[in-house]
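K.L.:
prediction below, plus the sequence it came from.
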Amino acid sequence: MFLLKPNTKILIIVDFNKINEANDFVQEITQTTNFSTKITVTHPTEVQKVLSGCENSEYDLILSFTSELTSLNKLLLVLKPGCPILLHKLVDPLQIDKIEELCADKITKLKLSGFRFKEIVTSDFTSKWELSKVFSTFNESFKICQVIGEKPSYEVVLYPCSLNPQRTNQQLDRRKFLQSESPCAFGPFEINLEVETLIFVLRCLHFLHLMNLNMDE
């Protein structure tokens, strides 16, 4: 259910009324990872405040057990490239054939925030994890649904630039490859697209296309 690795940082988001009870679940994770995991537990109304002091690409895993998150944009920033985010939901076994429809809102949030949607995994409750302590509404007969997303291993950033060949030292190279020590990153890189250069190239291509049309006539 949870692929936990040692020496990682995990962010857990639960409803406000489950903050204290989530400690049992946190202890299980720390024991499983031989006490090498650093875990942050927060709730939806405080998540932005808690993450405001975090650096980009700081966490290796995000586990959400709440439906109160209105935006996942900040979560995308603090998650390392190539690493997963798991959004949890309890589902009635009688509705398991409608699982994609029931999880459509979570899938949409992932995609709109820039995550790559991977899959939906359903499983039964197991005694190994104290999951009853992290869900506000708990029913042992229900199945646990995990909507799994992943932060892409690259980021596309647009930088304004000038076509002036005399470039200043502050201007970035067109392609800057980032090195990451994250074990779950797959060679993240950043592509710097120079807007004015692209516009110039597109105009040239359009002009050549018009020239070819005139020659054909």
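P.N.:
Cool, got the structure. Numbers count the residues shown, from 1 in each chain.
K.L.:
all helices for the chain, in order.
P.N.:
Counting by DSSP state H, the chain has helices at residues 23-32, 47-51, 73-78, 99-102, 104-112, 195-216.
K.L.:
distance from the chain centre to the fifth one, please.
P.N.:
Between the centre of helix 104-112 and the centre of its host chain there is 11 Å, according to CA atoms, centre = their mean, to the nearest Å.
K.L.:
now that helix: buried residues?
P.N.:
106, 107, 109, 110 (16 or more other CB atoms under 10 Å). The C-beta positions use only the backbone N, C-alpha and C, and glycine is treated the same way.
K.L.:
now the helices of the chain in CSV, with distance to residue 41?
P.N.:
Formatted as CSV, these follow (distance: least, CB to CB, whole Å):
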stretch, distance to residue 41
helix 23-32, 6
helix 47-51, 9
helix 73-78, 14
helix 99-102, 26
helix 104-112, 20
helix 195-216, 41
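K.L.:
export the buried residues of helix 104-112 to CSV and tack on distance to residue 149 and pLDDT?
P.N.:
What follows is the buried residues of helix 104-112, written out as CSV (distance: CB to CB, whole Å; pLDDT from 0 to 100):
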residue, distance to residue 149, pLDDT
106, 9, 96
107, 8, 96
109, 9, 94
110, 4, 96
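K.L.:
from those, which is closest to residue 26?
P.N.:
Nearest to residue 26 among these, counting by CB to CB, is residue 106 at 22.9 Å.
K.L.:
against residue 205, how distant is that closest one?
P.N.:
As judged by CB to CB, to the nearest Å, residue 106 and residue 205 stand 41 Å apart.
K.L.:
can you check residue 93 too?
P.N.:
Residue 93 is 56 Å from residue 205, by CB to CB.
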